[in-house]
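Trainee: Kindly generate the corresponding structure for this input.
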Amino acid sequence: MVTLKSETAPLFNELPGRIVAVETAEVRPQINGIIRRRLFEEGGYVRAGQLLYEIDDAPYRAALAQAQGQLARANAAIRATGLQAQRYRDLVGINAVSRQEYDDAAAAAEQARADVAAQRGAVQAAQVNQNFTRVRAPISGRISRSLFTPGALVQAGQADALTTIQRTDTVYVDVTQSAAQIIDLRQAMKSGGISEAGGARIQLLLPNGSVYPVEGRLQFTEVTVDQASGAVTLRASFPNPDGLLLPGMYVRARLIEGQRLQAILAPQQGISRDPRGRATAMVVGKDNKVEMRQVEVDRTLGDKWIVTRGLKSGDRLIVEGLLNLRPGTVVRPGAPQQVTAGAPGGAGGKAESAPGGAN
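Mentor: You can find the predicted model right below:
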């Protein structure tokens, strides 16, 4: 027998989840060409801006030289057309040239200046393309294997990435919780039956069953419910200084939701089910007679049920010998946490054992 008492019980939910890198970058070429060199160690750590690949830049050096030559030609043309427009402006005042000839010279000077601006843009574009022949890391993190080797032809916009970089010093864990559970929790908090845990702490259960030594923090809850599953996605962040948590790893997150105030915790062996599936409990009532109670349970906490209705503080719950026990049977309270069955109508006496007794 166990005498129940009310106490504060922590509430937590174990939810399935996947680990996601805080930052992920797929490295792709932005020009066409042949890979000349790979300059990183696969699986190693790279920093943002570090050189990863070199693509043959001969065609792009030639394109840059051609653009620079055209810019020089445009600069030469702008001087000649500008001087001619200035002379015609002086001559048109004395009617030495027609107004139309002056307008044509002025338009040619404007066009030459526009050509210079266009050629400067072409030079900049050629320089950008040449810079793209040196593929650099967009973020810092761990780099995966290279999917292309030196000598391979790569193209701008190709579907396959050259490699992938992931930042994993901190990771996200995305878990899903049913909308009904979230509503129940918020309503219980509003009514005062549950207090907030403070800080939304989360523990992580690894695939081998061990508990990750560092607790995480809830970052946000999705603002919409998935129409297909009726669940809401929650995201938590965990420090990962040793790299133990790998992106894509399946884990279980233990979300500490709050604390139930004045909870009744009943050992699981003291709660059974009737033929209709309802939870029942046997308690020692008045005159040491056994009573059956219909109860409602919320969830398990270790080896106990959190009972929300049907039992109260001070009730004496029978936890053993329930198979042959019937309501109305008189039992003798014995040693602490034990009762023994007595003869029907018998008076209570000192503790003793009896075959088929209840504890």
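Trainee: hey, let's count contacts and neighbours off CA atoms from now on
Mentor: Noted.
Trainee: tally of neighbours for Asn208?
Mentor: 7 (other C-alpha atoms under 10 Å).
Trainee: got a list of what it touches?
Mentor: The contact partners of Asn208, taken as C-alpha atoms under 8 Å, 6 or more residues apart in numbering, number zero.
Trainee: how about a cut-off of 10 Å?
Mentor: Residues counted as contacts of Asn208 (C-alpha atoms under 10 Å, 6 or more residues apart in numbering) are Val251.
Trainee: For it, what are phi and psi?
Mentor: Per-residue torsions, Asn208: phi -90, psi 10 (degrees, to the nearest 10).
Trainee: Summarise which helices and strands the strand ranked longest in the chain is packed against.
Mentor: With secondary structure taken from DSSP state E, the chain has its longest strand at strand 6-27. Contact partners of strand 6-27 among helices and strands, from 3 or more C-alpha pairs under 10 Å, 6 or more residues apart in numbering; DSSP states H and E: strand 141-143, strand 163-178, strand 194-196, strand 201-205, strand 231-239, strand 250-267, strand 296-301.
Trainee: hmm, 6 Å instead?
Mentor: Using 3 or more C-alpha pairs under 6 Å, 6 or more residues apart in numbering; DSSP states H and E, the elements in contact with strand 6-27 are strand 163-178, strand 250-267.
Trainee: what's that strand in contact with?
Mentor: Under the criterion C-alpha atoms under 6 Å, 6 or more residues apart in numbering, residues 161-168, 171-175, 247-264, 313 lie in contact with strand 6-27.
Trainee: for stretch 136-147, same thing?
Mentor: Contacts of stretch 136-147 (C-alpha under 6 Å, 6+ apart): 42-52, 162-167.
Trainee: Just the buried ones from those, in PyMOL syntax?
Mentor: Those of the contacts of stretch 136-147 that count as buried under 16 or more other C-alpha atoms under 10 Å are selected in PyMOL with:
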select buried, resi 46+50+51+52+162+163+164+165+166+167
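Trainee: Who are the contact partners of Thr3?
Mentor: 314-316.
Trainee: Could you report the pLDDT at the nearest residue to it once chain neighbours are set aside?
Mentor: Residue nearest to Thr3 in three dimensions, not counting chain neighbours: Arg316, with 4.4 Å by C-alpha to C-alpha, 6 or more residues apart in numbering. pLDDT for Arg316: 85.
Trainee: before we move on, could you check phi and psi at Arg316?
Mentor: The phi/psi pair for Arg316 (degrees, to the nearest 10) is phi -100, psi 100.
Trainee: And for Val135?
Mentor: According to degrees, to the nearest 10, Val135 has phi -80, psi 120.
Trainee: now do Thr221
Mentor: Torsion angles, degrees, to the nearest 10, at Thr221: phi -120, psi 130.
Trainee: One more: Asn75?
Mentor: phi -60, psi -40.
Trainee: same question, Arg120
Mentor: Torsion angles, degrees, to the nearest 10, at Arg120: phi -60, psi -40.
Trainee: What's the mean pLDDT across the helix or strand hosting Arg37?
Mentor: For Arg37, the element it lies in under DSSP states H and E is strand 33-38. For strand 33-38, the mean pLDDT works out to 96.
Trainee: again, but for stretch 323-334
Mentor: Rounded mean pLDDT across stretch 323-334 is 73.
Trainee: again with stretch 222-233
Mentor: For stretch 222-233, the per-residue pLDDT averages 83.
Trainee: where does it sit relative to the chain's centre, distance-wise?
Mentor: 15 Å (C-alpha atoms, centre = their mean, to the nearest Å).
Trainee: Now do it: everything it contacts.
Mentor: By C-alpha under 6 Å, 6+ apart, stretch 222-233 touches 175-179.
Trainee: Ile273 contacts Ala281, correct?
Mentor: Let me fix one detail, which is that residue 273 is Arg and not Ile. No - when contacts are counted by C-alpha atoms under 6 Å, Arg273 is not listed as touching Ala281 (8.6 Å).
Trainee: Got the confidence number for the residue nearest to Thr8 when sequence neighbours are not counted?
Mentor: With sequence-adjacent residues excluded and distances taken as C-alpha to C-alpha, 6+ apart, Thr8 is closest to Leu261, at 4.8 Å. If you check Leu261, the pLDDT there is 77.
Trainee: Please apply the same query to the one 4 residues further on.
Mentor: According to the per-residue confidence, Leu265 scores 87 in pLDDT.
Trainee: pretty sure it is touching Asp303, no?
Mentor: No - counting by C-alpha under 6 Å, Leu265 stays clear of Asp303, with 9.4 Å between them.
Trainee: Which one's more surrounded, the two?
Mentor: Using other C-alpha under 10 Å as the criterion, Leu265 and Asp303 rank with Leu265 on top: 24 against 10.
Trainee: pull the helix or strand with minimum mean pLDDT from this protein.
Mentor: strand 339-341 (a mean of 40; mean pLDDT, DSSP states H and E).
Trainee: Show the contacting residues for Thr280.
Mentor: Thr280 neighbours (C-alpha under 6 Å, 6+ apart): 271-273, 293-295.
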